[in-house]
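Enquirer: Predicted coordinates and the sequence they were generated for:
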Amino acid sequence: MIDLELLRKNPEIIEEEIKNRGMKIDVRADVRLDTERRSLIVRIDDIRAKKNEASKLIPKIAGTEKEKMINKMKSLNEDLSSLESQFEELDRRFFTNLAGYPNITHPSVPIGKDESGNITLYFVGNKPEFDFKVKNHVELGVGLDLIDEERASKISGARFVFLKNEVVLLQFALVQYVMNLLIGKGHIPLIPPVLVKERTMYGTGFFPAEATQYYKTELDDLFLIGTAEVPLCAFHSDETIDAARLPLKYAAYSTCFRREAGSYGKDMGGLFRVHQFDKIEMFIFASPGKSWQSYEYLRETLEEIVKGLGLHYRLMNMCTGDLGTPNAKKYDLEVWMPGQNTYREIASCSNDTEFQARRLNIKFKDGDKKGFVHTMNSTACAVGRTIMAIMENYQDQDGNIVIPDKLVHYMGGLKIISRKK
RNA sequence: GGAGAGGUGGCUGAGUGGUUGAAAGCGCUCGACUCGAAAUCGAGUAGUCAGACCAAAAUCUGUCUCGAGGGUUCAAAUCCCUCCCUCUCCGCCA
C-alpha cells in the first residue's frame, strides 16, 4: 500500500515510478477520485453530526417537539443513505485501484523493461574449472543414490523429489550451519506454521495477485505458504513495536509450497523447481531511518553464508521492470551451476520499505514519534537449490561429491559422498 | 468428532435501547508532598478517517470504531441474523 499523502501532494513521483516499471495506471484519474470521495466524506460527516446532536435532544423533550425532531431525523436518514451509497462505490473503486500501485523504488535501482535490464553488480569467487566432463546434479544424485524422482513422481506427481542417504544429512548440516550463523548475529529463530488463513495471504500482499501460486486445503480454507516471509511478516501485524527493539531480526526455517502454475516444462527434473522445498528466510523489522543500513546488512549476511560454502556467484541489482510490486529494491544472488553451465538464482533479498507494514498495520513508537516500520526479507538458504549447487560445484572425476569444509563438522565428519559399492 | 463458554480502551473488568468513547481498578505520564524514594493526593492517558490552521509539527472541530458484516429503530456495546476468532471439557492423536 502506498502513502496517500504522496498521491495527493506528489502524484508526479508516482507517475514516474509507474512509467519506470512499465505499468499502466491513470494516476490523475485516481487523484480526482480521491478528491471526490473526500468531499463526500465532508458532507456525510456533516449530516451525521446533525443526527448525533438531535439524538441527544430527543430523550429530553416530549410531545410535538419530539414528534418534529423524530421526523427531522427520518429525513436526514434519507439524505444520508443516498450519499453513503455513493461514497461506498467511489471508495471501493479508489482502494481497488490503489491496491495495484507499486512501491516507490530506491534511486539505486536500475530502470529497465524486464530481466534484460538487471545489472550484475559483481562476481564473487572463481568459476570452478573441471578437467573432466561435468555432470548435472540429477546425474550425480542418481549415481550416488541421493535423489529419487521416479518414486516421488509415482506417489505425488511431477516436481516432487525424495532426498535420500547423505544428502538428507547435508540438508540438516546446511540448516545447522546457517541457523547457528544467524543466531550468532542476533536473529531470533522461528519455525512458523506453514498453513495460514486467507487474510494472512492478503495482508502480506501475496493475494490476490499471486493467488494461483499457492495450495489451498479443501476442508479448512487454509493455505500452504510459499515462503516463510508470509508468517514472518504477519508475525507483528497490528502491533506497535518500541523503537528501542529495532531492528528486530528473525530467521525462520520452514517448508515452502508452490504450485508453479504457468511454468509447465520449465526447469523440469531435479531440485531446481519443485512444489515443495525447505528454506531459511531472514526477516527484519527496521525503523525507517535505518532501513537501508539493515537492508545492506541482510545482503552482507546472505553473501557471508554463500561465501562460507565456497560457491561462486554473481549479485544482481534487479531493474524496475523485474521488481515485485511491494519491492523498493531487490538483489538476486545467482550461483554458478556447472551442470547447467549458467548462473541460477538461489536467493533473493528485498526491501519493501513501509509497503507491507502499512497494509498489516505494523508501527513503531519512538518517544512521541510514531510511524510504520520498514520490512525486508532475504533468503538465507534455499536448501534444495543450495544442495544442488554444492553437488554440481563439488563433484569430482569419479562422480563423488566433496563436502564443503564448513559443513563437515555438521556431517559428523563426513568429507565426501562417494559411490556405494 | 461431541458438549459448552466467550470476544468491550495498554491490561483486568462494569455496562441489556437514549448526554456511554464507554464506570471502576491496574498500569503509564505529568504535577504536589519529600533531601530523595515509597506511600498518599491532584491532573492526564485509544485509534481511524476527514476538515480548519500550517512549511511542518502541535492544536482545534467533526466522523467512525465495544470481533466482522448486515438488520430492526428517530436512536444500538446493549435487540435480531450471518460469519470470524478465542477458550474449556470429553473423544481421537505425533
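Expert: Received it, and whenever you're ready, just let me know what you need.
Enquirer: Spell out which residues of chain A are next to RNA strand B.
Expert: A:4, A:38, A:41-42, A:44-46, A:48-49, A:51-56, A:58-59, A:70, A:73-74, A:77, A:197, A:368 (Cβ under 7 Å from any atom of the strand). Where you see a C-beta, it was placed from the backbone N, CA and C, and this is true even at glycine.
Enquirer: Buried members of those residues into PyMOL, please.
Expert: A single PyMOL command suffices to select whichever of the residues of chain A next to RNA strand B are buried according to 16 or more other Cβ atoms under 10 Å:
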select buried, chain A and resi 44
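Enquirer: So which of the residues of chain A next to RNA strand B belong to helices?
Expert: Mapping the residues of chain A next to RNA strand B onto helices (DSSP state H) picks out A:4, A:38, A:41-42, A:44-46, A:48-49, A:51-56, A:70, A:73-74, A:77.
Enquirer: middle-most residue in chain A, spatially?
Expert: Geometric centre of chain A, nearest residue: A:E229, 5.2 Å, by Cα atoms, centre = their mean.
Enquirer: Quick check: chain neighbours aside, which residue is closest to that residue?
Expert: Nearest residue to A:E229 in three dimensions, chain neighbours excluded: A:N377, at 4.8 Å (Cβ to Cβ, 6 or more residues apart in numbering).
Enquirer: Show me what residue of chain A gets nearest to RNA strand B.
Expert: Relative to RNA strand B, the nearest point of chain A is A:M73 (2.9 Å; Cβ to the nearest atom of the strand).
Enquirer: buried sites along stretch A:237-256?
Expert: Buried residues in stretch A:237-256 (16+ other Cβ under 10 Å): A:237, A:241, A:243, A:246-254, A:256.
Enquirer: how about a markdown table for the residues you listed, with distance to A:D131 added?
Expert: Output for the buried residues of stretch A:237-256, formatted as a markdown table (distance: Cβ to Cβ, whole Å):
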| residue | distance to A:D131 |
| --- | --- |
| A:S237 | 55 |
| A:I241 | 55 |
| A:A243 | 57 |
| A:L246 | 51 |
| A:P247 | 47 |
| A:L248 | 49 |
| A:K249 | 43 |
| A:Y250 | 44 |
| A:A251 | 39 |
| A:A252 | 41 |
| A:Y253 | 38 |
| A:S254 | 40 |
| A:C256 | 37 |
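Enquirer: Helices - which of these land there?
Expert: Short answer: these have none in helices (DSSP H).
Enquirer: from these, which two are the most distant?
Expert: A:A243 and A:C256 (31.6 Å; Cβ to Cβ).
Enquirer: Contacts for stretch A:337-349, please.
Expert: Residues outside stretch A:337-349 that contact it (Cβ atoms under 8 Å, 6 or more residues apart in numbering): A:128, A:130, A:134-140, A:272, A:295, A:298-299, A:302, A:306, A:313-314, A:330-336, A:376-382, A:385-386, A:388-389, A:391-393, A:395.
Enquirer: and what of stretch A:304-312?
Expert: So stretch A:304-312 is contacted by A:123-128, A:177-178, A:181, A:313, A:333, A:335-336, A:346-347, A:380-381, A:386, A:389-390, A:393, A:404-407 (Cβ under 8 Å, 6+ apart).
Enquirer: Make TSV out of the buried residues of stretch A:237-256 and add pLDDT and distance to A:D145.
Expert: Output for the buried residues of stretch A:237-256, formatted as TSV (pLDDT from 0 to 100; distance: Cβ to Cβ, whole Å):
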residue	pLDDT	distance to A:D145
A:S237	82	45
A:I241	84	49
A:A243	82	53
A:L246	85	48
A:P247	90	44
A:L248	92	43
A:K249	95	39
A:Y250	95	36
A:A251	96	32
A:A252	95	31
A:Y253	95	26
A:S254	94	27
A:C256	94	26
